[in-house]
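>>> Sequence and predicted structure are below.
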Amino acid sequence: MREALKLVEGDAIAPFPTGAVVALKSGGMPMTVGEPVRPARGLVACAWFTREGDLMRDKFHADMLETAEPVPWSDM
C-alpha cells in the first residue's frame, strides 16, 4: 500500500479530507479536494480556479499532492 493512503479496518480512505487545500508537489495553483474518486487507487478529485477565473477539475494521485495554503485572489 502506498504511503499516501491510510488504512482503517482494511479499507483505504482518502488521504486528504474533502475541502482540504492542496497543490501539486511540482507547484501550481492551490486546489480544493472534492470527494475521493478511487481511494483504493489513491486518486483524489480536485477543483481550482485559473488566474482568468475559469473553474477547472481533474483527478490526481495522492502521491502527487501536498497540503497547501489558500492564496488570496489579490495575490494571483
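Arrived safely, thanks for sending.
>>> which sections of this structure are below the confidence cut-off?
1-14, 38-39 (pLDDT under 70).
>>> residues contacting Phe60?
Phe60 is in contact with 24, 43-44, 46, counting by C-beta atoms under 8 Å, 6 or more residues apart in numbering. Heads up, the C-betas are built off the backbone N, CA and C, glycines and all.
>>> Go ahead and measure how far the one helix or strand Phe60 maps to is from the middle of the chain.
Taking DSSP states H and E as the definition, Phe60 sits inside strand 55-61. Distance, stretch centre to chain centre, for strand 55-61: 8 Å (C-alpha atoms, centre = their mean, to the nearest Å).
>>> C-terminal to that strand, what's the next element?
Criterion used, DSSP H and E; the element after strand 55-61 is strand 65-67.
>>> Flag every buried residue along that next one.
By neighbour count with 16 or more other C-beta atoms under 10 Å, strand 65-67 contains the buried residues Leu65.
>>> sorry, back to before: adjacent strands (with direction) for the strand holding Phe60?
Counting by DSSP bridges, the strands paired with strand 55-61 are strand 43-49 (antiparallel).
>>> Any idea how far the strand it pairs with is from the middle of the chain?
Per C-alpha atoms, centre = their mean, the centroid offset for strand 43-49 relative to its chain is 5 Å.
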